[in-house]
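# Need coordinates for the below:
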Amino acid sequence: MKLDIILSGVGGQGILSIAAIIGEAALRKGLHVKQAEVHGMSQRGGDVQSNLRLSSSPIHSDLIPKGKAGAILALEPMEALRYLPYLSDGGWIVTNAAPFVNIPNYPDHTALLDALRTQPRVILIDADALAKENSVPRAVNMVLLGAASVVLGFDAELLEAVVADFFASKGDWIVEMNRLAFRVGREAGEHQVNSAAHAK
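Model (predicted):
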């Protein structure tokens with residue numbers, strides 16, 4: 001088993017929490033894990049990117065070469081497109097459709113989404129809207145993780161158990177909020193993948 005994941009977003013969106021949860025799930029499956037974090041700007045609002053490499057055999061480099069990522073997980077559509085050159089031929093893009101407009105020359109949002117929709121394997125969800133509709137507005141990152149869980153090759157039950165453990169120190173209410181967000185995202189991801197399969 002080998003899976004290279006690029007996670008990208010903006011500071012404060014919770015990308016590194018997603019990486020930590022997937023990494024812990026991989027360790028529980030007995031996999032080797034390497035992670036490298038790249039912060040464009042460390043303050044809130046700056047670009048954040050993480051390389052997460054999972055394998056059943058030892059991993060020598062912690063950076064993912066171009067064209068080798070099995071998945072790009074992005075909490076922001078421009079950041080998803082930024083790392084497109086790293087995606088492998090059979091790789092998946094799982095991205096939030098909601099923009100985080102943190103620069104004055106942010107690209108046209110409709111054009112961004114149109115570009116993402118041209119990709120052969122993409123799960124594009126409005127994670128912000130789904131989180132708000134389900135009264136978990138601070139768990140957008142767990143909505144995205146839930147959507148990604150459809151294509152990452154991990155049992156949903158394992159990932160949800162890790163989510164619960166990850167937030168356990170913050171109390172039962174926070175745990176349940178994040179588990180709900182994960183399930184909402186999982187349902188949205190399954191719906192998109194099934195719809196795409198039927199359309200072919």
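# how about the strands in this structure?
2-10, 32-39, 47-55, 69-74, 87-96, 122-125 (DSSP state E).
# Show me which of those has the highest average neighbour count.
Comparing the strands of the chain by mean neighbour count (mean count of other CB atoms under 10 Å), strand 69-74 comes out on top with a mean of 26. Heads up, the C-betas are built off the backbone N, CA and C, glycines and all.
# Name the residues that touch that one?
Defining contact as CB atoms under 8 Å, 6 or more residues apart in numbering, one finds that strand 69-74 is touched by 2-9, 15, 18, 80, 83-84, 86-88, 90-96, 144-145, 148, 151-152.
# End to end on stretch 73-92, go ahead and measure it.
End-to-end distance for stretch 73-92, by CA to CA, to the nearest Å: 8 Å.
# go on, stretch 49-68?
16 Å.
# Show me how far it is from its chain's centre.
Counting by CA atoms, centre = their mean, to the nearest Å, stretch 49-68 is centred 16 Å from the centre of its parent chain.
# if you average pLDDT over that stretch, what comes out?
Per-region confidence: stretch 49-68 scores 95 on mean pLDDT.
# about what we covered before: pick out the shakiest of the strands of the chain, pLDDT-wise.
Lowest mean pLDDT within the strands of the chain: strand 32-39, a mean of 86.
# Now do it: which elements does it pack against?
helix 15-28, strand 47-55 (3 or more CB pairs under 8 Å, 6 or more residues apart in numbering; DSSP states H and E).
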